[in-house]
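Asker: Take this sequence and fold it.
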Amino acid sequence: MRTDTPWSTLPAREHLPAAAVGAAGAPVPVLDVVIPVYNEEKDLETCVLRLHDHLARTFPYGFRITVADNASTDRTPQVAAGLADLIPEVRSYRLEEKGRGRALRTVWACSDSPVLAYMDVDLSTDLNALLPLVAPLISGHSDLAIGSRLARSSRVVRGSKREFISRAYNLILRSSLAAGFSDAQCGFKAIRREVAQRLLPMVEDTGWFFDTEMLVLAERAGLRIHEVPVDWVDDPDSTVHIVRTATEDLKGVWRVGRALATGALPLDRLARPFGDDPRDRAVPGVPRGLARQLVGFCVVGALSTLAYLALYSLFRLGVGPQFANAAALLVSAVANTAANRRLTFGVRGRGGAVRHQAQGLVVFAIGLALTSGSLAALGTAAGSASHGTELAVLIAANLAATVLRFLLFRAWVFPDRRTDHEDARTGAAHGPRDAR
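Answerer: Predicted coordinates:
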């Protein structure tokens, strides 16, 4: 995975000006639409002329159409060059290697337009969706935008085989990568340029999985993705090899899922990129992220308690209550610390994991003292208590230990370091605080 993304933060999203001027004083088109092609000499001219006519009639901003040739072996490069000579808003770009992802990454990296889009050469997607696609990016509302063939109001004409494959693929993405977007592979997407500059170096795929990887990373980083329902008609002459593409996509799902699970991607560089999320605003008297952390901690705690009780009942079959309680609590505590580290407090990567587990064991020792003390008190008061009574006492003791565990996790094991950093920046900007 690439990790060479710059550390500096992205600027706040703003409405893009209708007319921008480049460094040389020439006007910069707001939108650059890329059409990746491979051996499309037959359809390319018709596609470009139709797209240019639509943009000239309906798009209120300056635009450019870029034909990205993926190492075609027919007359596609000549057709693209001829269109570029004929139409001022058209340019051609030749790549010597195949790959849709490679073409988009290369052309988008060279573009000076603030909004970058792409669409398939067959124009299966109705062009009336183009302005709704890029409008949220121009206004500053969203970071990426995608056309969706699976939205309820979309109107789609395609065979049952492609319909099944598309829905099955998106179901895999939802179940394995927790994707929230509905259609990963629709060839109709747009992204703001400053986001592309940071996000694309993290995207490894150069083929058809490029779209999916880009969207998954963007979503995990907290970027806003806008979905537009589209009207879409399948191209029966499409040259996409379904089986090979599906195989490569599944390999990509496994690779990205493993990278996300191990924290190998530096998504923190995009996690809070714009600083305009109302959930990040400090509210007097309300600790940052408390509600979300409480929900996550309760879910993890409930699962840990069930695991603890099951382990205690299992260990109790062969040993005494004190040893069974200690063993069950130790196993569940290690899993609880790991789960809360990742899910509740959002700590990614392996850095500090050993220290967090060591601190978690200290918290475990406190919980052990509470529960063991409760069992000892029960033995003193009731003598030989029933198994049900032991479980009831342990549940009550664990509730008290859980409250204490959350407080210690939040304040000691996984403290919010951002507040300290923000205070330091504020102090540097405004001088030392009044010590009165």
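Asker: since we're on the spatially closest residue to Val157 that is not a sequence neighbour, how many residues are nearby?
Answerer: Computed as Cβ to Cβ, 6 or more residues apart in numbering, the closest residue to Val157 that is not its neighbour in sequence is Val233, at 4.7 Å. All C-beta atoms are positioned from the backbone trio N, CA, C, and that covers glycine. For Val233, the neighbour count with other Cβ atoms under 10 Å is 14.
Asker: ok, now Leu368?
Answerer: Using other Cβ under 10 Å, Leu368 has 18 other residues around it.
Asker: Let me see the confidence value for it.
Answerer: Turning to Leu368, the model gives it a pLDDT of 79.
Asker: I'd say it and Ala328 touch.
Answerer: No: applying Cβ atoms under 8 Å as the test, Leu368 and Ala328 come out as separate, 10.3 Å apart.
Asker: if we can go back for a sec, pull the contacting residues for the residue nearest to Val157.
Answerer: Contact partners of Val233, counting by Cβ atoms under 8 Å, 6 or more residues apart in numbering, are Ser124, Val156, Val157, Arg158.
Asker: if you set the cut-off to 10 Å instead, what comes out?
Answerer: Each residue near Val233 by Cβ atoms under 10 Å, 6 or more residues apart in numbering is listed here: Asp122, Leu123, Ser124, Thr125, Asp126, Arg155, Val156, Val157, Arg158.
Asker: The helix or strand that contains Ala145 pairs with which strands?
Answerer: In this assignment (DSSP states H and E), Ala145 forms part of strand 144-148. According to DSSP bridges, strand 144-148 forms sheet pairs with strand 188-192 (antiparallel), strand 225-229 (parallel).
Asker: Buried residues, that strand. List them.
Answerer: Buried residues in strand 144-148, counting neighbours by 16 or more other Cβ atoms under 10 Å, are found at Leu144, Ala145, Ile146, Gly147, Ser148.
Asker: what does stretch 45-58 give?
Answerer: Across stretch 45-58, burial judged by 16+ other Cβ under 10 Å covers Cys47, Val48, Leu51, His52, His54, Leu55.
Asker: Could you point out which of these is nearest to Leu223?
Answerer: Leu55 (25.9 Å; Cβ to Cβ).
Asker: Next up, phi/psi of Ala109, please.
Answerer: phi -70, psi -30 (degrees, to the nearest 10).
Asker: Can you name the residues that contact the nearest residue to it once chain neighbours are set aside?
Answerer: Nearest residue to Ala109 in three dimensions, chain neighbours excluded: Leu200, at 7.0 Å (Cβ to Cβ, 6+ apart). Leu200 sits next to 2, 5, 101, 104-106, 108-109, 116, 191, 210, 213-214, 217 when contact means Cβ under 10 Å, 6+ apart.
Asker: Show me which of the residues you listed are buried.
Answerer: Using 16+ other Cβ under 10 Å, the buried ones in these are Thr5, Gly101, Leu104, Arg105, Thr106, Trp108, Leu116, Ile191, Phe210, Glu213, Met214, Leu217.
Asker: Out of the residues you listed, which two sit at the greatest distance?
Answerer: Thr106 and Leu217 (18.6 Å).
Asker: what ranges of the stretch 201-350 of the chain fall below the confidence cut-off?
Answerer: The model of the stretch 201-350 of the chain has pLDDT under 70 over residues 236-243, 268-289.
Asker: hey, where'd the helices end up in the stretch 301-436 of the chain?
Answerer: For the stretch 301-436 of the chain, the helices defined by DSSP state H, counting those that start in this stretch cover 321-339, 353-382, 387-408, 417-430.
Asker: what packs against the strand or helix carrying Arg105?
Answerer: If you go by DSSP H and E, Arg105 is part of helix 100-110. When contacts are defined as 3 or more Cβ pairs under 10 Å, 6 or more residues apart in numbering; DSSP states H and E, helix 100-110 packs onto strand 31-37, strand 63-70, strand 90-95, strand 115-119, strand 188-192, helix 193-199, helix 210-220.
Asker: Columns distance to Ile172 on top of these, output as CSV?
Answerer: Output for those, formatted as CSV (distance: least, Cβ to Cβ, whole Å):
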stretch, distance to Ile172
strand 31-37, 24
strand 63-70, 26
strand 90-95, 30
strand 115-119, 23
strand 188-192, 20
helix 193-199, 22
helix 210-220, 10
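Asker: can you tell me which of those comes nearest to Ala335?
Answerer: Of these, nearest to Ala335 by Cβ to Cβ is helix 210-220, at 23.1 Å.
Asker: Asn128: neighbour count?
Answerer: Applying other Cβ under 10 Å, we find 11 other residues in the vicinity of Asn128.
Asker: Test for you: state the pLDDT assigned to it.
Answerer: 95.
Asker: Touching, it and Phe59? I think so.
Answerer: No: judged on Cβ atoms under 10 Å, Asn128 makes no contact with Phe59 at a distance of 11.4 Å.
Asker: Can you name the residues that contact Phe188?
Answerer: Per Cβ under 10 Å, 6+ apart, neighbours of Phe188: 117-120, 123-127, 129-130, 133, 145-149, 228, 230, 232.
Asker: let me fix that: Leu399
Answerer: Here Leu399 is in contact with Gly301, Thr305, Leu370 (Cβ under 10 Å, 6+ apart).
Asker: any chance of these in TSV, with neighbour count too?
Answerer: Putting those into TSV (neighbours: other Cβ atoms under 10 Å) gives the following:
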residue	neighbour count
Gly301	22
Thr305	17
Leu370	19
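Asker: now, which of those sits nearest Gly263?
Answerer: The closest of those to Gly263 turns out to be Gly301 (Cβ to Cβ; 22.9 Å).
Asker: Near Val362, how many residues? Count them for me, please.
Answerer: Look at Val362: counted by other Cβ under 10 Å, it has 12 neighbours.
Asker: Kindly report the same for the one 4 residues further on.
Answerer: Ile366 sits with 13 neighbouring residues when counted by other Cβ under 10 Å.
Asker: Would it be right to say that Gly82 lies in a helix?
Answerer: Yes: under DSSP: H, G, I helix; E, B strand; the rest coil, Gly82 sits within a helix.
Asker: Just give the closest residue to it, not the sequence neighbours.
Answerer: Nearest one to Gly82, counting by Cβ to Cβ, 6+ apart, is Glu45 at 8.0 Å.
Asker: could you say what helices and strands whatever helix or strand that neighbour lives in packs with?
Answerer: Assigned by DSSP H and E, Glu45 belongs to helix 44-58. Under the contact definition 3+ Cβ pairs under 10 Å, 6+ apart, helix 44-58 sits against strand 31-37, strand 63-70, helix 76-86, strand 90-95, helix 130-139.
Asker: quick one, what contacts the residue nearest to Phe414 when sequence neighbours are not counted?
Answerer: Spatial nearest neighbour of Phe414, chain neighbours left out: Phe345 (3.9 Å); criterion: Cβ to Cβ, 6+ apart. By Cβ under 10 Å, 6+ apart, the contact list for Phe345 reads Gly289, Arg292, Gln293, Gly296, Phe297, His356, Phe409, Arg410, Val413, Phe414, Pro415, Asp416.
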